[in-house]
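Asks: whatever this is, show me its structure:
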Amino acid sequence: MARNKSGFNDLNKLLKGIEQQAQEASGDVELGELLTPNFMTTFSNFSNLNEFWGKSPFGVPASSEEFAKIEQDKLDVYVKENTRFSNWQEMLDKAGVVYVENKLKF
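Replies: Now for the predicted structure:
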């Protein structure tokens, strides 16, 4: 019987660890943490985020205000033409999933 209790305790510790990692992964994340070089080489024509922006018609946004000025429809076209995604939001959604999976070590 002690053996089963030990297994339950181990499982409980594992689940608590996963819960803690999930909480840590769910906070605000910098764009560079989401769109890592590995992500960019896997899902786009670029080796990193700087190259993505540098070759774009928008240039590298220096601030969130500059980024906000980029027309969404033009960004979506650029993403569709240069990545495996149909738009910017789809790219961010996938990056978020990959980020959480990596944080939780799936």
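Asks: which residues of this structure score low on pLDDT?
Replies: Filtered on pLDDT under 70, the chain yields the residue ranges 1-8, 10-27, 106.
Asks: where along it do the helices fall?
Replies: 2-25, 31-34, 37-43, 49-54, 64-68, 72-82, 88-104 (DSSP state H).
Asks: check which helices and strands the third one sits against.
Replies: Meaning helix 37-43. helix 49-54, helix 88-104 (3 or more CB pairs under 8 Å, 6 or more residues apart in numbering; DSSP states H and E). Every C-beta, even on glycine, is put in place using the N, C-alpha and C of the backbone.
Asks: same thing with the last one?
Replies: Packing contacts for helix 88-104, counted by 3+ CB pairs under 8 Å, 6+ apart, involve helix 2-25, helix 31-34, helix 37-43, helix 72-82.
Asks: and the second one, what's buried?
Replies: Under the neighbour-count criterion of 16 or more other CB atoms under 10 Å, helix 31-34 has Leu34 buried.
Asks: helices or strands next to it in the packing?
Replies: helix 88-104.
Asks: show me how far the helix it packs on is from its chain's centre.
Replies: 3 Å (CA atoms, centre = their mean, to the nearest Å).
Asks: go on, stretch 36-51?
Replies: That offset, for stretch 36-51, works out to 12 Å (CA atoms, centre = their mean).
Asks: can you check stretch 79-98 too?
Replies: 10 Å.
Asks: could you export that stretch as CSV, CA atoms only?
Replies: What follows is stretch 79-98, C-alpha atoms only, in CSV (Å, rounded to 0.1, in the frame of the first residue of the first chain):
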residue,chain,number,x,y,z
VAL,A,79,3.0,37.0,-43.3
LYS,A,80,1.0,35.0,-45.9
GLU,A,81,3.7,35.4,-48.5
ASN,A,82,6.6,34.6,-46.3
THR,A,83,5.5,32.1,-43.7
ARG,A,84,3.3,29.0,-43.3
PHE,A,85,0.5,31.1,-41.9
SER,A,86,-2.4,33.0,-43.5
ASN,A,87,-2.1,36.0,-41.2
TRP,A,88,-0.3,37.6,-38.3
GLN,A,89,-2.7,36.4,-35.6
GLU,A,90,-2.4,32.8,-36.8
MET,A,91,1.4,33.1,-36.6
LEU,A,92,1.2,34.5,-33.1
ASP,A,93,-1.3,31.8,-32.0
LYS,A,94,1.0,29.0,-33.2
ALA,A,95,4.0,30.7,-31.6
GLY,A,96,2.1,30.9,-28.3
VAL,A,97,1.3,27.2,-28.5
VAL,A,98,5.0,26.3,-29.2
